[in-house]
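Structure for the following, please:
(one chain, ligands or ions: 1)
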Amino acid sequence: MLLGAPGSGKGTQAEMITRHFAISVTSPGTILRRERDLGTPLGVEADKISKQGGLVPDDVIVHLIEEWLNLHGKEGFVFDGFPRTVTQAERLNDLLEKLDTALDLAIWLEVSEETVRDRIASRLQCRRCGFTTSVTSASFADRPVCPYCDGPLIRREDDDTSVLQKRLAEFKSKTEPLLSFYEKGDTLHRIDGNRDREAVFADISALIEQRSK
Ligand code: ADP
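Below is the predicted model:
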């Protein structure tokens, strides 16, 4: 699982893992944005919360993950941005136990507040598939179209500086306690996420390769 603050690069690293190792990724943020685009009651409700920088209730998120695991849990998988609260982590342990499996790795991407602010201020995301890039990337400056699915590359509404304050506060109070939760086992690895995506991915790949030996 990949954990970290908003803008830590979890989503990008998750994409790189899928492409390189062909492991499926599930991200509640991506599922919720898809539901919003489909206009489902779940998507509409969650969007109100996300737009204000809040976390969606644990029961809703755990239910999404449970459904996903029931379909795909037999193969390897990566969680991007889940769990984000200690309650979610405890409920995940119960789900994994039922499936007779366990977590191999919990990767914590450590980023400074400066990195978060810079990345969020320039983030562009594909509305269709979630591919993430930056407005500073020359290849997308003039033609903001996703190189993978041709969807539109847009700024996310919750990537606004005032909303970011709330997201960071939620991260500190609800997500950071997961560090001590996972430090109790031997699954947690901290990686410096302030570096470029290739350097971070090299460290993550080494961990995955070690575990799959
Ligand atoms: P980021 O890491 O940039 O905040 P995500 O795409 O992971 O972006 O999440 C977007 C929003 O979706 C979050 O701000 C939150 O409202 C909601 N969300 C995603 N994952 C969770 C989760 N595990 N628990 C609660 N809410 C979540």
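
Would you point out which residue of this structure is nearest the ligand?
Gly29 (2.1 Å; Cβ to the nearest ligand atom). Heads up, the C-betas are built off the backbone N, CA and C, glycines and all.

Could you tell me how many residues sit around that residue?
Neighbour count for Gly29, taken as other Cβ atoms under 10 Å: 21.

ok so it is a helix residue?
Yes: checked against DSSP: H, G, I helix; E, B strand; the rest coil, Gly29 lies within a helix.

Ala106: what's it in contact with?
Contacts for Ala106 were tallied using Cβ atoms under 8 Å, 6 or more residues apart in numbering; they are 1, 3, 182, 187-189.

swap in Arg123?
Per Cβ under 8 Å, 6+ apart, neighbours of Arg123: 7, 132-135, 155-156, 159.

Kindly report the same for Leu42.
The contact partners of Leu42, taken as Cβ under 8 Å, 6+ apart, are 32, 35, 60.

How far away from the center of its chain is the helix or strand harbouring the first one?
To tie it back to what came earlier, the one meant is Leu32. In the assignment (DSSP states H and E), Leu32 maps to helix 28-38. Averaging C-alpha positions (Cα atoms, centre = their mean, to the nearest Å) puts helix 28-38 13 Å from its chain's average.

Which elements pack onto that helix?
helix 41-51, helix 58-72 (3 or more Cβ pairs under 8 Å, 6 or more residues apart in numbering; DSSP states H and E).

Contact distance from the ligand - what residues of this structure qualify?
Contacts of the chain with the ligand, taken as Cβ under 6 Å from any ligand atom, map to 6, 10, 27-29, 32, 49-50, 54-56, 61, 81-84, 88, 158, 167.

Please indicate which of those residues are buried?
6, 10, 27-29, 32, 50, 54-56, 61, 81-84, 88, 158, 167 (16 or more other Cβ atoms under 10 Å).
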